[in-house]
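Asks: Have a look; sequence and predicted model below, questions after that.
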Amino acid sequence: MDPVSCLCTNARRAALVLTARYDAALAPHGLKVTQFSLLHAVKRHGAPNLTRLAEATGLDRSTLGRNLRGLEGLGLVALSPGDDLRDRVVALTEAGRERLRQAGEAWRALQGSLGAALGEDAGRFTEVARRVVALARPGPAQVEAP
């Protein structure tokens, strides 16, 4: 692979490798890392509405809705009406909690393995990734395009 200095190219290459590793670890549990992450976000927020879950995950509502319908089809989440007719609330089903618990063991094993392989860089990697995500928010941290 060509070494390049482009931040975007390097981030995309890293994301592809990490996604493939997490997907492989979670495959025996019938989940991809995107699904695992979304299930965990639902768990963290209890029974969030779609707006809160979109804010928490950084997903747009159409992508979130599509991903949730897939998880609903697997019986892992349940969608119900929210405070108004346009709003929906999502909650883990018992099957979703159990799948998340089982898959969590595989996730923790891989997370530990990757953390050991990266050493001190694992924490720095997480911090840099969070700083990059923060660039999407309006404010003084934004970098202007050339």
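Replies: Done, it's in. Residues are numbered from 1 along each chain as shown.

Asks: From here on, just use CA atoms for contacts and neighbour counts.
Replies: Fine.

Asks: Tell me which residue is most central in this structure.
Replies: Compute the mean C-alpha point of the chain, and by Cα atoms, centre = their mean the closest residue is residue 37, 3.8 Å away.

Asks: quick one: the strands in the chain?
Replies: With DSSP state E as the criterion, the chain has strands at 77-81, 88-92.

Asks: Tell me which of the ones you listed sits most buried.
Replies: strand 88-92 (a mean of 21; mean count of other Cα atoms under 10 Å).

Asks: can I have it written out in CSV, keeping just the CAs?
Replies: Only the C-alpha atoms of strand 88-92 are listed here, as CSV (Å, rounded to 0.1, in the frame of the first residue of the first chain):
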residue,chain,number,x,y,z
ARG,A,88,-40.4,7.0,17.4
VAL,A,89,-38.8,5.4,20.5
VAL,A,90,-36.4,2.5,20.3
ALA,A,91,-35.7,-0.1,23.0
LEU,A,92,-33.7,-3.3,23.2
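
Asks: What are the contacting residues of it?
Replies: 39, 42-43, 46-50, 76-82 (Cα atoms under 8 Å, 6 or more residues apart in numbering).

Asks: re the thing from before, who are the neighbours in contact with the residue nearest to the centre of the chain?
Replies: Going by Cα under 8 Å, 6+ apart, residue 37 touches no other residue.

Asks: The one 3 residues further on now?
Replies: The contact partners of residue 40, taken as Cα under 8 Å, 6+ apart, are residue 100.

Asks: Relative to residue 92, how far out is it?
Replies: 9 Å (Cα to Cα, to the nearest Å).

Asks: Residue 3 too?
Replies: For residue 3, the distance to residue 92 equals 43 Å [Cα to Cα].

Asks: What are the boundaries of the helices in the protein?
Replies: 7-26, 33-44, 50-57, 61-73, 94-118, 121-134 (DSSP state H).

Asks: want to try TSV for the ones you listed, with mean pLDDT as columns?
Replies: Formatted as TSV, the helices of the chain follow (pLDDT from 0 to 100):
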stretch	mean pLDDT
helix 7-26	97
helix 33-44	97
helix 50-57	93
helix 61-73	94
helix 94-118	97
helix 121-134	95
